[in-house]
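Q: Kindly return the folded structure for what I paste below:
(2 chains)
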Amino acid sequence: DAGITQSPRHKVTETGTPVTLRCHQTENHRYMYWYRQDPGHGLRLIHYSYGVKDTDKGEVSDGYSVSRSKTEDFLLTLESATSSQTSVYFCAISDPLGRFSSGANVLTFGAGSRLTVL
Amino acid sequence: DQQVKQNSPSLSVQEGRISILNCDYTNSMFDYFLWYKKYPAEGPTFLISISSIKDKNEDGRFTVFLNKSAKHLSLHIVPSQPGDSAVYFCAASRFSGGYNKLIFGAGTRLAVHP
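A: Alright, predicted model coming up:
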C-alpha cells in the first residue's frame, strides 16, 4: 500500500466509547487525509493535515478530531463513538506539495479500517 | 449537494467487450478529474486522470473522455477483463481553502463476466 499502514484494520466498539485510528506513512508526504466510505456516498473527507500540527476540517468533521505530532503519523479520534460513525475509514497521502506539481493531485490510500459501533 | 454523481450503481459486462462508466458534475471550477478503482478490503487506487483543458486521455486499455459543456465524463475500458471487476470512483479536484480538494462520486460496481 505504497508505505501507508492503518491500524486497527477492524474494530468493534460500543456507543459512547472513545476510538482512535492510526495512519502511518513512510513516504514523507506532507499532506495526509482521513476519509470515510459509506454506501451511496462514496468517499467523504473528514479532516486533513498539511504539516505537523497543521490540520483542518473536511466536509464531515463533526464528532471527529485529528492530531499530527510527527510527519509520519496522523491520528483520527472519535471522542464518543455513535452508531452513525460505523463506516470504513481510509487514510490517504499526497505528494509533498499537495498541489499540482505534475498534474492532478493524486491521493494514495491505505487499506482501510472498518469500524462498527454497536 | 452532490457535486459529483455516478448515477449507475452497478454495471455488468461480458469479457472482451467495452465497459463505459459515467460521471456527471455540477461545479465548472473543477480543474482535474480522476478515476479510482477499488477492490474489496483494499483502499482505492488511482487509475487515470484528465485535465479540464483536455477532452481525452488514454492509458492502455483505459480512456477517459471529458465533455465540459455537458459537465460529463466517462471511463472506457477496452477490452474488459475479469480482473477489472471492482468499484470505480469518479473524483473531481479544485484548489480551495489552501489545498486541492477532491470530491468523490458514490461509485459504480463493475462486474466483468467470462
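
Q: does stretch B:42-56 come close to chain A?
A: Yes - counting by C-beta under 8 Å from any C-beta of the partner chain, chain A has neighbours in stretch B:42-56: B:42-46, B:49, B:51. All C-beta atoms are positioned from the backbone trio N, CA, C, and that covers glycine.

Q: now those in CSV, with distance to B:Lys5?
A: Converted to CSV, these look like this (distance: C-beta to C-beta, whole Å):
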residue, distance to B:Lys5
B:Glu42, 24
B:Gly43, 22
B:Pro44, 18
B:Thr45, 22
B:Phe46, 20
B:Ser49, 18
B:Ser51, 21
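
Q: Of all pairs in those residues, which one spans the longest distance?
A: B:Glu42 and B:Ser51 (27.2 Å; C-beta to C-beta).

Q: Check which helix or strand the residue nearest to the spatial centre of chain A maps to.
A: When C-alpha atoms, centre = their mean is applied to chain A, the residue found nearest the centroid is A:Trp34 (2.1 Å). Taking DSSP states H and E as the criterion, A:Trp34 maps to strand A:31-38.

Q: That strand close to chain B?
A: Yes - residues of strand A:31-38 contacting chain B under C-beta under 8 Å from any C-beta: A:Tyr31.

Q: quick one: the following helix or strand past that strand to strand A:31-38, angle?
A: Later in the chain than strand A:31-38, the nearest helix or strand by DSSP H and E is strand A:42-51. If you take axes from the mean of the first three to the mean of the last three C-alpha atoms, to 10 degrees, strand A:42-51 sits at 160 degrees to strand A:31-38.

Q: Output the contacting helices and strands for the helix or strand following strand A:42-51.
A: Toward the C-terminus, strand A:42-51 is succeeded by strand A:54-57 as the next helix or strand (DSSP H and E). Secondary-structure packing of strand A:54-57 (3 or more C-beta pairs under 8 Å, 6 or more residues apart in numbering or on different chains; DSSP states H and E): strand A:42-51, strand A:64-70.

Q: and the first one, does that touch chain B?
A: Yes - taking C-beta under 8 Å from any C-beta as the criterion, strand A:42-51 and chain B are in contact, through A:42-45, A:48, A:50.

Q: Stretch A:57-72: which residues count as buried?
A: Residues of stretch A:57-72 classed as buried: A:58, A:60-61, A:64, A:66, A:68, A:72 (neighbour count, 16 or more other C-beta atoms under 10 Å in any protein chain shown).

Q: Dump the residues you listed to a markdown table, plus distance to A:Ser84 and pLDDT.
A: Formatted as a markdown table, those follow (distance: C-beta to C-beta, whole Å; pLDDT from 0 to 100):
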| residue | distance to A:Ser84 | pLDDT |
| --- | --- | --- |
| A:Gly58 | 16 | 91 |
| A:Val60 | 10 | 95 |
| A:Ser61 | 14 | 95 |
| A:Tyr64 | 12 | 97 |
| A:Val66 | 18 | 97 |
| A:Arg68 | 25 | 97 |
| A:Glu72 | 30 | 96 |
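
Q: so which two of those are the farthest from each other?
A: It's A:Val60 and A:Glu72 that sit farthest apart of the buried residues of stretch A:57-72, by C-beta to C-beta, at 24.7 Å.

Q: Do a quick rundown of the strands in chain B.
A: B:4-5, B:10-14, B:19-25, B:32-38, B:45-51, B:56-59, B:62-67, B:72-77, B:86-96, B:99-104, B:108-113 (DSSP state E).
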